[in-house]
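Q: turn this into a structure:
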Amino acid sequence: MTFRFVSRKVLGSLATLLFVVCFNFFLFRVVESDPVSALFRGRNISQQQRQQLQHDFGLDKSKPEQFVRYLNQTAHLNFGFSFETRQPVTSEISARIGRTITLVGISTLLSTTIGIWLGIIAAWRRNTPTDYVVTSTTMAFYAMPDFWLGLLLLAAFAESFRWFPTGGIVNVGSGATGLSHLVDEAKHLFLPGLTLTLAYLGEYTLIMRSSLLDTMGEDYLTLARAKGLRDATVRRRHAVPNALLPIVTLAAVNFGFVLSGAIAVESIYSWPGLGLATYNAIRAPDLPMLQGLFLLFSAAVIVANLAVDLLYAYLDPRVRTA
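A: Sure thing, here's the model as predicted:
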């Protein structure tokens, strides 16, 4: 890759991030012009207390002054204090980010791996009962809203059969440590992880199937068969590696949504990650928390897209001259 190509992509990503930083400030102030009144709705607080809260949160200043303060804090990775918990937003995010990466990261890895495998099977046995069953089943899960699928699994495996916990990350008051604690976390992780895996399985299966079908019509595969290579060898060494390019792009882009892709699922299963924190911040509304989360989610997507552009240019040199 040339320096000009890389620098153009990096500068474009930085410009996008700068736009998001500015847009981030005004977005939530349009949604909620008086967050103090919304946050303390239904509570009897005096006008003096209201003014003190507005001063504490920096809402008594003009919009330009708030904007300058926001830019200065963001430049120092300081997103202020949560309106709801009165804790630094950075600390709140740091305490939850690992749980979300664990949940959505494992689910993304499983859906990618299983989806590629099923896509290969469906493509290589196209127009057979195996192809119809694999494609129909995975697309049925993909068509379901993830929150609805989560409710079905929750009702079936947690409420009816009671095989798994209904929510949380560990049993309250269990006091388990070591291996017992890991097993307890794994049981709580299973249902939300299964929900996300099934929800995105069809995406990888369909794209892998389509990509492999396009690749199977290439002349070099016909030549490989003419040389006497078995179908399994042709598939493993020639067809699949070339069909993986679209999957690499999809997986890298989806990885950018790892931090933000589980709001509904985390809310259903009460999984204490960034998704549940986003849901609670929207209900409050908690402007500093929403700003910090939105900026984090946007930055993750921007970085993932930059990585996709650079990786694809490395794998396919034709992209550099396009």
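Q: which residues does residue 234 contact?
A: Residue 234 makes contact with 221, 224-225 under the criterion CB atoms under 8 Å, 6 or more residues apart in numbering. Placement of C-beta: from N, CA and C, glycine included.
Q: so where does the closest residue to it other than its chain neighbours fall, helix or strand?
A: Spatial nearest neighbour of residue 234, chain neighbours left out: residue 224 (4.9 Å); criterion: CB to CB, 6 or more residues apart in numbering. Following DSSP states H and E, one finds residue 224 within helix 219-226.
Q: now do the buried residues in the helix or strand just after that helix.
A: Per DSSP H and E, helix 219-226 leads on to helix 231-234 as the next helix or strand towards the C-terminus. Residues residue 234 are the ones in helix 231-234 that count as buried (16 or more other CB atoms under 10 Å).
Q: what about the stretch 151-300 of the chain, any weak spots by pLDDT?
A: 173-176, 256-261 (pLDDT under 70).
Q: at 50 what do you get?
A: Nowhere does the stretch 151-300 of the chain drop to pLDDT under 50.
Q: ok, so of the contacts of residue 234, who is nearest residue 306?
A: Taking CB to CB as the measure, residue 306 lies nearest residue 221 of those, at 33.3 Å.
Q: burial check on the residue nearest to residue 145 when sequence neighbours are not counted, number of neighbours?
A: Among residues not flanking residue 145 along the chain, residue 264 sits closest, at 7.7 Å (CB to CB, 6+ apart). Taking other CB atoms under 10 Å as the criterion, the count of residues near residue 264 is 20.
Q: ditto for residue 92
A: Residues near residue 92, counting by other CB under 10 Å: 23.
Q: surely it touches residue 277?
A: Yes - the pair residue 92 / residue 277 is scored as a contact, 6.7 Å apart, by CB atoms under 8 Å.
Q: for the two, list the residues in contact with both.
A: By CB under 8 Å, 6+ apart, residue 92 and residue 277 have these common neighbours: residue 289.
Q: so what's the residue nearest to residue 145 up against?
A: By CB under 8 Å, 6+ apart, residue 264 lies in contact with 145-147, 150, 275.
Q: buried residues, whichever helix or strand residue 94 is part of. List them.
A: Taking DSSP H and E as the definition, residue 94 sits inside helix 89-124. Of the residues in helix 89-124, those buried by neighbour count under the rule 16+ other CB under 10 Å are 89, 92-93, 96, 99-100, 102-104, 107-108, 110-112, 114-116, 118-124.
Q: do the same with stretch 128-145
A: The neighbour-count check on stretch 128-145 (16+ other CB under 10 Å) flags 131, 134-135, 138, 141-142, 144 as buried.
Q: I'd like these written out as TSV, with secondary structure and pLDDT added.
A: Below are those laid out as TSV (DSSP: H, G, I helix; E, B strand; the rest coil; pLDDT from 0 to 100):
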residue	secondary structure	pLDDT
131	helix	91
134	helix	93
135	helix	92
138	helix	93
141	helix	92
142	helix	90
144	coil	88
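Q: what's the closest of those residues to residue 47?
A: residue 144 (49.3 Å).
Q: contact partners for the closest one?
A: Counting by CB under 8 Å, 6+ apart, residue 144 touches residue 199.
Q: give me phi/psi at it?
A: phi -80, psi 140 (degrees, to the nearest 10).
Q: dump stretch 9-20 to PDB, restricted to CA.
A: Taking C-alpha atoms only, stretch 9-20 is exported to PDB below (Å, rounded to 0.1, in the frame of the first residue of the first chain):
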ATOM      1  CA  LYS A   9      -8.000   6.900   4.300                       C
ATOM      2  CA  VAL A  10      -6.700   8.000   7.800                       C
ATOM      3  CA  LEU A  11      -7.400  11.700   7.100                       C
ATOM      4  CA  GLY A  12     -10.900  10.800   5.900                       C
ATOM      5  CA  SER A  13     -11.500   8.800   9.100                       C
ATOM      6  CA  LEU A  14     -10.300  11.700  11.300                       C
ATOM      7  CA  ALA A  15     -12.600  14.200   9.500                       C
ATOM      8  CA  THR A  16     -15.500  11.900  10.100                       C
ATOM      9  CA  LEU A  17     -14.600  11.500  13.700                       C
ATOM     10  CA  LEU A  18     -14.400  15.300  14.100                       C
ATOM     11  CA  PHE A  19     -17.900  15.700  12.600                       C
ATOM     12  CA  VAL A  20     -19.200  13.100  15.000                       C
END
